[in-house]
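J.: got a structure for you, letters missing:
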C-alpha cells in the first residue's frame, strides 16, 4: 500500500512478505521445507527479539521511551516471539 506521495506505507511489512514469497518460490518443488534452514532462520529471529527486548528495556530505564510505548513494543515482540517459537517447531 502506498501513501499519497507514492511512498510505501509499511516497508517492513512489504519486506517480510517479499521474503516469504521468495522462500515459497525457492522451495515450492521440495517435498518439505528443509528443517535445518527453518531452525536456523527462527533461531536468528528469536535472538533478534531477545536483543530487541534488552535494548528496549535499556531505553525505558534511561528515559528514552515512556511506559505506554514500552508496553506497546513489548506486546509486538511477544507476538513475534510466539510466531517464531511456533515456526521453529
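T.: Yes, it's here. This one's a predicted model, so the numbers in the text were calculated from it and none came from an experiment. Numbers count the residues shown, from 1 in each chain.

J.: thought residue 49 was touching residue 80?
T.: Yes: at 5.6 Å, residue 49 counts as touching residue 80 under the criterion of CB atoms under 8 Å. Just so you know, the C-beta spots here come from the backbone N, C-alpha and C atoms, and that holds for glycine as well.

J.: may I see the buried residues of whichever strand or helix holds residue 38?
T.: In this structure, residue 38 is located in helix 35-61 according to DSSP states H and E. Of all the residues in helix 35-61, those buried under the rule 16 or more other CB atoms under 10 Å are 41, 42, 45, 46, 49, 52, 56, 60.

J.: which strands or helices does it pack on?
T.: Contact here means 3 or more CB pairs under 8 Å, 6 or more residues apart in numbering; DSSP states H and E; on that basis helix 35-61 packs against helix 67-88.

J.: run the chain-centre distance for the helix it packs on.
T.: 9 Å (CA atoms, centre = their mean, to the nearest Å).

J.: still on that earlier bit, how about JSON lines for the buried residues of helix 35-61, with pLDDT and distance to residue 26 added?
T.: Compiled in JSON lines, the buried residues of helix 35-61 are given as follows (pLDDT from 0 to 100; distance: CB to CB, whole Å):
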{"residue": "41", "pLDDT": "85", "distance to residue 26": "12"}
{"residue": "42", "pLDDT": "88", "distance to residue 26": "17"}
{"residue": "45", "pLDDT": "91", "distance to residue 26": "18"}
{"residue": "46", "pLDDT": "92", "distance to residue 26": "22"}
{"residue": "49", "pLDDT": "94", "distance to residue 26": "24"}
{"residue": "52", "pLDDT": "94", "distance to residue 26": "27"}
{"residue": "56", "pLDDT": "94", "distance to residue 26": "33"}
{"residue": "60", "pLDDT": "96", "distance to residue 26": "39"}
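
J.: which one of those residues is nearest to residue 70?
T.: When those are ranked by distance to residue 70 (CB to CB), residue 60 comes first, at 4.7 Å.
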